[in-house]
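Q: Fold the stuff below for me.
(chains A and B)
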Protein chains: 2
Amino acid sequence: MSFYSKLNAAWAKSDSALCVGLDPDVNKLPAHLKNDPLGIQKFCIDIVDATADTVCAFKPQIAYFAAVGAEAQLQAICDHIRTQYPHVVLILDAKRGDIGDTAALYAREAFERYQVDAVTVNPYLGTDSLMPFLQTSGKGTIVLCRTSNSGSGEFQSKMVNGTSLYKHVAIAAASKWRDIGDTALVMGATYPQELAEVRGIVGDMPFLVPGIGAQGGDIVSAVRAGRTDKGTGLIINSSRAVLYASNGEDFAQASRAVAIDTRDAIRAANN
Amino acid sequence: MSFYSKLNAAWAKSDSALCVGLDPDVNKLPAHLKNDPLGIQKFCIDIVDATADTVCAFKPQIAYFAAVGAEAQLQAICDHIRTQYPHVVLILDAKRGDIGDTAALYAREAFERYQVDAVTVNPYLGTDSLMPFLQTSGKGTIVLCRTSNSGSGEFQSKMVNGTSLYKHVAIAAASKWRDIGDTALVMGATYPQELAEVRGIVGDMPFLVPGIGAQGGDIVSAVRAGRTDKGTGLIINSSRAVLYASNGEDFAQASRAVAIDTRDAIRAANN
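A: Below is the predicted model of the structure:
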């Protein structure tokens, strides 16, 4: 099954555009898990089990695992999601970008080692650096376009022939990359005007939308600016607000409540 | 000791601008190491021991380890270099780039887990995404500017107000990032004219120069275009040509011979 097919099925089955981001900061884990050597894994799996029926996707952020040498725990979490919730899209947030020979190894990391459905990548090195991802059959390549951070405009919004750099990335995605493999874009919820403009460029291409919650992006603005004509096309990520809803033993129930509220707020915004 | 100080001392001690890149492709290992579970580690450590007196730096490429779950072997190799060759600069080639909170975790991966002197990063997300690297005391931040791959111009050479995007990156490095922390740039040997232009922008800032050997960059052109007024400033990387000089049991001696030849060719080009 292609990434696009799996994503469309996940949207249909869950009736949710919510993606829960798995960014397990060891300093923020509930007290009873902080000193557990498998604390990260147990924490994430409990969050996954508590929220799986509220989401279209899960998105582990590999930096949180790499910083503390927890690759085996990341692998266990990915295995759990794939086997227990095979209809939920699994995205590795890695923002990889390197020359082609090396990019092929990063594609192997994402698609063979962690067996995810899609991975985030950085376009700065150009189309040849994206080819190993785009050419992996059935997988999704989610390219950074306009990121959610406050300084993202420094280079992304530089004007090239009257058009912002990030729009040149969107144009390449729509005119070239989509013909090679299933392509999506990272578009920050913090920039709704840019969301609308890029939607105008790429038609129904999916957007991974970080930046709601802790980063300050507004759900209503992001949904109305970013959705397709059919009222879909969005994978809206929330990490910290869901993960750290409580730091007690009830953390998973608390995260479920926030996930449901967020899913419902996205649904309401789409009406 | 700061990254700049360590690099200057490494150049002086070795009289070499050569950096050996550690890109251990399991399919290209010598036959007797291919099925050894610690083959990558043994291969790299033998290469390191055979070439350490010919280089100013070693540069492990993390993708080759991440693809096959060999983080522990990467850590062992970094430990070996730091303890046995403490005067040699250790660079993690990771090309990381993410929003600030996540970038802090990637800085931790590079500087605490692998304890390297410097790491390569991607500027697409802007200055705020680079801050956790720049603000780590004593460490080096090596920012992608004009990369060595054939498609690197697609975005990097787009003209912004009459100036290429990669030059805007160089200007930011010289005018802002260097004031925060020790900054260097990735400048591909495959683009000597761009090397010369960026050298004119950034003064004596160090360049990490990939692209000689297998990628086709010419040593004489790269050295003459990229060196500072004092005939220094370059960390010239060779990976495949050194690593895979022989696939027999003599692989380390063969790699030493190529490393010496490359070091000498760089010296000769600088006369």
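Q: For stretch A:131-149, buried residues please.
A: For stretch A:131-149, the neighbour count (16 or more other Cβ atoms under 10 Å in any protein chain shown) marks A:131-134, A:136, A:139-149 as buried. For glycine as for every other residue, the C-beta is placed from the backbone atoms N, C-alpha and C.
Q: Narrow the residues you listed to those in helices?
A: Among these, the members falling in helices are A:131, A:132, A:133, A:134 (criterion: DSSP state H).
Q: Leaving out chain neighbours, which residue sits closest to the third one?
A: If you skip the residues right next to it in sequence, residue A:133 has residue A:141 as its closest partner in space, 4.2 Å away by Cβ to Cβ, 6 or more residues apart in numbering or on different chains.
Q: thought the one you found was touching residue A:181?
A: Yes - with contact defined as Cβ atoms under 8 Å, residue A:141 counts as touching residue A:181 (5.8 Å).
Q: anything in contact with each of the two?
A: Residues touching both residue A:141 and residue A:181 (Cβ atoms under 8 Å, 6 or more residues apart in numbering or on different chains): A:133, A:134.
Q: picking up where we left off before, now the residue nearest to residue A:133: how far from chain B?
A: In this view, residue A:141 and chain B are 15 Å apart by Cβ to the nearest Cβ, to the nearest Å.
Q: Tell me the one of the buried residues of stretch A:131-149 nearest chain B?
A: Chain B has its nearest neighbour among the buried residues of stretch A:131-149 in residue A:149, at 4.1 Å by Cβ to the nearest Cβ.
Q: Not counting sequence-adjacent ones, nearest residue to the closest one?
A: Residue A:149 sits nearest to residue B:99 (Cβ to Cβ, 6+ apart), 4.1 Å away.
Q: Got the confidence number for the one you found?
A: In this model, residue B:99 is scored at 96, pLDDT.
Q: Look up how far residue B:168 lies from it.
A: According to Cβ to Cβ, to the nearest Å, residue B:99 and residue B:168 sit 20 Å apart.
Q: any idea how far residue A:173 is from residue A:138?
A: 18 Å.
Q: can you check residue A:146 too?
A: Distance, residue A:146 to residue A:173, using Cβ to Cβ: 12 Å.
Q: Strands along the stretch 151-271 of chain A, start to end?
A: Taking DSSP state E, counting those that start in this stretch, the strands of the stretch 151-271 of chain A run over residues A:159-160, A:163-164, A:182-187, A:207-209, A:234-238.
Q: One more: the stretch 1-150 of chain A?
A: Counting by DSSP E, counting those that start in this stretch, the strands of the stretch 1-150 of chain A are A:18-22, A:57-60, A:89-96, A:118-121, A:140-146.
Q: Put together JSON lines for those strands, with distance to residue A:230 on each row.
A: Converted to JSON lines, the strands of the stretch 1-150 of chain A look like this (distance: least, Cβ to Cβ, whole Å):
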{"stretch": "strand A:18-22", "distance to residue A:230": "18"}
{"stretch": "strand A:57-60", "distance to residue A:230": "18"}
{"stretch": "strand A:89-96", "distance to residue A:230": "18"}
{"stretch": "strand A:118-121", "distance to residue A:230": "21"}
{"stretch": "strand A:140-146", "distance to residue A:230": "19"}
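Q: okay, these in TSV with mean pLDDT next?
A: As requested, the strands of the stretch 1-150 of chain A are arranged in TSV below (pLDDT from 0 to 100):
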stretch	mean pLDDT
strand A:18-22	98
strand A:57-60	98
strand A:89-96	98
strand A:118-121	98
strand A:140-146	98
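Q: closest to residue B:57 out of those?
A: For the strands of the stretch 1-150 of chain A, proximity to residue B:57 was assessed by Cβ to Cβ; strand A:89-96 is nearest, at 22.9 Å.
Q: Can I get the closest one in CSV? Just the C-alpha atoms.
A: The C-alpha trace of strand A:89-96 is given here as CSV (Å, rounded to 0.1, in the frame of the first residue of the first chain):
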residue,chain,number,x,y,z
VAL,A,89,0.4,6.1,9.9
LEU,A,90,3.9,6.0,11.5
ILE,A,91,6.1,9.0,10.7
LEU,A,92,9.8,9.3,11.8
ASP,A,93,10.6,12.9,12.4
ALA,A,94,14.3,13.0,11.5
LYS,A,95,14.7,15.9,9.1
ARG,A,96,17.5,14.1,7.3
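Q: Kindly calculate the angle that that strand makes with strand A:182-187.
A: Relative orientation of strand A:89-96 and strand A:182-187, computed by axes from the mean of the first three to the mean of the last three Cα atoms, to 10 degrees: 70 degrees.
Q: so strand A:89-96 versus strand A:18-22, what angle?
A: Angle, strand A:89-96 to strand A:18-22, by the same axes, to 10 degrees: 50 degrees.
Q: List the buried residues for strand A:89-96?
A: A:89, A:90, A:91, A:92, A:93, A:94, A:95, A:96.
Q: before we move on, back to that, can you tell which of the strands of the stretch 151-271 of chain A is closest to residue B:8?
A: Residue B:8 sits nearest to strand A:159-160 of all those, at 37.4 Å, using Cβ to Cβ.
Q: Can you name every helix or strand that the closest one contacts?
A: With contacts defined as 3 or more Cβ pairs under 8 Å, 6 or more residues apart in numbering or on different chains; DSSP states H and E, the packing partners of strand A:159-160 are strand B:159-160.
Q: was I right about the residue nearest to residue A:149 contacting residue B:127?
A: No - applying Cβ under 8 Å as the test, residue B:99 and residue B:127 come out as separate, 12.0 Å apart.
Q: Looking at the two now, which is surrounded by more residues?
A: The residue with more neighbours, out of residue B:99 and residue B:127, is residue B:99; 22 against 17, by other Cβ atoms under 10 Å in any protein chain shown.
Q: got the contact list for the more buried one?
A: Contacts of residue B:99 by Cβ under 8 Å, 6+ apart are A:147, A:148, A:149, A:210, A:215, B:125, B:128, B:129.
Q: Then residue A:190?
A: Per Cβ under 8 Å, 6+ apart, neighbours of residue A:190: A:148, A:149, A:150, A:211, A:215, A:216, A:217.
Q: picking that back up, for the ones in helices among the buried residues of stretch A:131-149, which one is nearest residue A:2?
A: Nearest to residue A:2 among those, with distances taken as Cβ to Cβ, is residue A:134, at 12.4 Å.
Q: which residues touch the closest one?
A: A:141, A:177, A:180, A:181, A:183.
Q: Then residue A:226?
A: A:187, A:189, A:192, A:195, A:196, A:199, A:207, A:209, A:233, A:234.
Q: what's the pLDDT at the fourth one?
A: This points to residue A:195. 98.
Q: wait, isn't it in contact with residue A:223?
A: No - using Cβ under 8 Å, residue A:195 makes no contact with residue A:223, being 9.2 Å away.
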